[in-house]
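Q: Sequence and predicted model, in that order:
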Amino acid sequence: MDKDAAVVPPTKSFLISLIAGGMAGTGVDVALYPLDTIKTRLQSSQGFLKAGGFKGVYKGLSAAAAGSAPGAALFFSSYETTKAFLQKQQPHLADSPVIHMASAAMGETAGCLVRVPTEIVKQNLQTGAFQSFQESIRSIYGTNGIAGFYRGYWSLLAREIPFSFIQFPLWEGMKSTWSQRQGEAVSPVQGAVCGALSGGFAASITTPLDVIKTRLMLGKDAQGVEYIGMRDAFTRVYTQEGWQTLFSGVKPRTMWITIGGFVFFGVYEHASATLSR
């Protein structure tokens, strides 16, 4: 367990995670948004060029920005709170990957409550389905009501939880090993390097889940036939388009999350250290 974290009062620790997570999430999503747009268009059923190609790569940025801070803040505050609780209940498992995996699952469940609606609006704007933020909101609500903003919630969780199961134990483990070897806590830059490496690896492995999530959130295939759940989307993509399609956008996704991991965890570590003083 991190000795510095142990002396921070629970309420202050929660607020630090909330603020630091919000800052980190906003910084990454805004800075690397064009890569996310390219990745989404590559995964779209209509194809990269029809979805917009390299044009208008900042479409949907307002939706992403609206969800970045609260989504990341909810994730990290839930992650750190759950981790502290489990470490207190099971001190012999304090540094176990199981603790980090369980904490990440709780964090994703909370964060996705905010992330899913903004992700749906954002991806529809990125692929040209709607021309404005307001039009997207009106159309989604008019067609399916509030439920329309949570289409793909379970598919996003199905992507995010395995991703976090890989990334966070790796991130925590790499930091712990690095800290032990140098005899002191890792710096924010070192934590950022660990975040970049763990994120890039997790991103490449979970790309098929990301493709299915994107298809479900966009709603329909190239012929306009709606996807009905994850199994239907996976089966149709695999049988109609081939297994290679399940890895559409793997390069920009891996690049985006590797760079994003460095920025995200660097900002998070630095903000946490600063706010803890």
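A: In hand now; what should we look at?
Q: Please, which helix or strand holds Gly56?
A: Following DSSP states H and E, there is no helix or strand that holds Gly56.
Q: Leu216 now?
A: Counting by DSSP H and E, Leu216 is found in helix 207-218.
Q: cool, Ala20 as well?
A: Ala20 is part of helix 10-31 when elements are defined by DSSP H and E.
Q: all helices for the stretch 101-250 of the chain, in order.
A: Applying DSSP state H, counting those that start in this stretch to the stretch 101-250 of the chain gives helices spanning 133-144, 153-182, 188-205, 207-218, 229-241, 250-276.
Q: what's in contact with the fifth one?
A: Contact with helix 229-241 is made by Trp154, Ser155, Ala158, Pro208, Val211, Ile212, Arg215, Leu216, Asp221, Tyr227, Thr245, Leu246, as judged by Cβ atoms under 8 Å, 6 or more residues apart in numbering. Any C-beta I mention is one placed from the backbone N, CA and C, and that applies to glycine too.
Q: Check which residues of the helix holding Ala20 are buried.
A: 13-14, 16-29 (16 or more other Cβ atoms under 10 Å).
Q: could you give me the average pLDDT of that helix?
A: For helix 10-31, mean pLDDT is 76.
Q: any idea how far that helix is from the chain center?
A: 14 Å (Cα atoms, centre = their mean, to the nearest Å).
Q: just the angle between it and helix 250-276, please?
A: 140 degrees (axes from the mean of the first three to the mean of the last three Cα atoms, to 10 degrees).
Q: Which residues outside the following helix or strand past helix 10-31 are in contact with it?
A: Downstream of helix 10-31, the next assigned helix or strand under DSSP H and E is helix 33-43. The contact list for helix 33-43 (Cβ under 8 Å, 6+ apart) reads 29, 48, 51-54, 56-61, 64, 123, 126-127, 210-211, 214-215, 248-249, 252-253, 255-256, 259.
Q: same question, stretch 157-165
A: Against stretch 157-165 from outside (Cβ under 8 Å, 6+ apart): 101, 104-105, 107-109, 111-112, 202-203, 206, 209-210, 212-213, 230.
Q: can you pull the buried residues of it?
A: Buried, per 16+ other Cβ under 10 Å, within stretch 157-165: Leu157, Ala158, Arg159, Glu160, Ile161, Pro162, Phe163, Ser164, Phe165.
Q: Stretch 43-53 too?
A: By 16+ other Cβ under 10 Å, the buried positions in stretch 43-53 come out as Gln43, Ser44, Ser45, Gln46, Phe48, Ala51, Gly52.
Q: Output that stretch as PDB, nothing but the C-alphas.
A: Once non-C-alpha atoms are left out, stretch 43-53 reads as follows in PDB (Å, rounded to 0.1, in the frame of the first residue of the first chain):
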ATOM      1  CA  GLN A  43     -14.800   1.200 -37.000                       C
ATOM      2  CA  SER A  44     -18.000   2.600 -38.500                       C
ATOM      3  CA  SER A  45     -20.000   0.200 -40.700                       C
ATOM      4  CA  GLN A  46     -20.300   2.800 -43.500                       C
ATOM      5  CA  GLY A  47     -16.500   2.900 -43.900                       C
ATOM      6  CA  PHE A  48     -13.800   5.500 -43.100                       C
ATOM      7  CA  LEU A  49     -14.300   7.800 -46.100                       C
ATOM      8  CA  LYS A  50     -18.100   7.900 -46.000                       C
ATOM      9  CA  ALA A  51     -18.000   8.500 -42.300                       C
ATOM     10  CA  GLY A  52     -15.900  11.700 -42.900                       C
ATOM     11  CA  GLY A  53     -12.300  10.500 -43.500                       C
END
